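K.L.:
Give me a model of this one.
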Amino acid sequence: MPTFQPANFGRVYAAYGGIFILMALLWGWQIDKIIPDRFEIIGASVVLIGVFIIMYWPRG
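P.N.:
Residues are numbered from 1 along each chain as shown. Presented below is the predicted three-dimensional model:
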């Protein structure tokens, strides 16, 4: 439950979500032989950029 987690839980949760999306696309591509289209690649890229912003943006 996010409410009872330490302060950095949001960062960890964002990283988990981004990796989950990336791994789902890779699984579909390698195991199920479904090639991701450009919109799936763009969407995954946007998510991963968001993960990097959440994880590494300087906090003041």
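K.L.:
So for the spatially most central residue of the chain, what pLDDT did the model give?
P.N.:
Using Cα atoms, centre = their mean, the residue of the chain that lies closest to the mean C-alpha position is Gly18, 0.6 Å off. Confidence at Gly18, expressed as pLDDT, is 93.
K.L.:
quick one: it and Gly60, what's the gap?
P.N.:
24 Å (Cβ to Cβ, to the nearest Å). Just so you know, the C-beta spots here come from the backbone N, C-alpha and C atoms, and that holds for glycine as well.
K.L.:
circling back: for the helix or strand containing the residue nearest to the centre of the chain, which outside residues touch it?
P.N.:
Element membership of Gly18 [criterion: DSSP states H and E] is helix 9-30. In this structure, residues lying in contact with helix 9-30 by Cβ atoms under 8 Å, 6 or more residues apart in numbering are 2, 5, 34-36, 40-41, 43-44, 47-48, 50-51, 54-55.
K.L.:
okay, the angle between the helix or strand following that helix and helix 9-30?
P.N.:
The C-terminal neighbour of helix 9-30 among helices and strands, as given by DSSP H and E, is helix 38-56. Calculated by axes from the mean of the first three to the mean of the last three Cα atoms, to 10 degrees, helix 38-56 forms an angle of 150 degrees with helix 9-30.
K.L.:
Fine, thanks again, bye for now.
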